[in-house]
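Q: 3D model of this:
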Amino acid sequence: MADEKEKETSELQVADMQRKIKEAFEVFDHELNNTVDVREIGTIIRSLGCCPNEGELHDLLAEVEEEEPTGYIRFEKFLPVMTNILLERRYRPIPEEVLLRAFEVLDPTKRGYLSKEELVKYMTEEGAVSLRRSG
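A: Down below sits the predicted model:
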C-alpha cells in the first residue's frame, strides 16, 4: 500500500512539473505551434528555478535541438529532457546562505552593502589575483 501511495505521489509530482514546464514554454511560443526560438531556452530553464552555466546550457541545447538545427526547439523534445533535469535537481542555484557568507567576507565592516567601486574591484582585480595564484 505504501509503495502505491509513493508511486501516486511521484506521478503527481511529475505531472505538476510537466504542467509548469508547459506553462513556461508557452510564454515564449509566440506562433502557438509548440516551438520556441532556441535563444529563449535559457530564460525558460531559469524561470523553472535552474541555473545552468553557459557550457551546461550549450550541452542541453545540443540535446533538444533537431538533427539539422532550425533555430527552434520543439516542445516534444524539450519536455522529457527538462522533466529529467527537474527530477534530478540539476543546475540548482547556489544556496542563499553561501552567497550571504561570501558577501559578508567582502563586507568586513558589516555595512550591508558594497559600493560600485568595491564590487568592480572584487570582480576584476581580486578575482584575477586569486586566479593567478591558483593557476
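Q: now do the phi/psi pair for residue 35.
A: Main-chain torsions, residue 35, degrees, to the nearest 10: phi -140, psi 150.
Q: that one is in contact with residue 71, isn't it?
A: No. The criterion here is CB atoms under 8 Å, and residue 35 misses it with residue 71 at 9.4 Å. Just so you know, the C-beta spots here come from the backbone N, C-alpha and C atoms, and that holds for glycine as well.
Q: of these two, who's got more company?
A: A direct count of neighbours by other CB atoms under 10 Å for residue 35 and residue 71 places residue 35 higher, at 20 against 10.
Q: ok, now how distant is that one from residue 68?
A: To residue 68, residue 35 is 14 Å away according to CB to CB, to the nearest Å.
Q: for residue 117, same thing?
A: 49 Å.
Q: more neighbours: which of the two?
A: residue 117 (8 against 5).
Q: neighbouring contacts of the helix or strand containing the more buried one?
A: Per DSSP states H and E, residue 117 falls inside helix 116-121. For helix 116-121, contacts defined as CB atoms under 8 Å, 6 or more residues apart in numbering pick out residue 106.
Q: list the contacts of residue 43.
A: residue 28.
Q: so what's the backbone phi/psi at it?
A: Given degrees, to the nearest 10, the pair of backbone angles that residue 43 has is phi -70, psi -40.
Q: which neighbouring elements make contact with the helix or strand harbouring residue 13?
A: Using DSSP H and E, the element containing residue 13 is helix 2-27. Packing partners of helix 2-27 (3 or more CB pairs under 8 Å, 6 or more residues apart in numbering; DSSP states H and E): helix 41-47, helix 75-88.
Q: now tell me what touches the very next helix or strand once past the last one from outside.
A: For helix 75-88, the succeeding helix or strand toward the C-terminus, using DSSP H and E, is helix 96-106. For helix 96-106, the surrounding residues in contact (CB under 8 Å, 6+ apart) are 110, 114, 118, 122.
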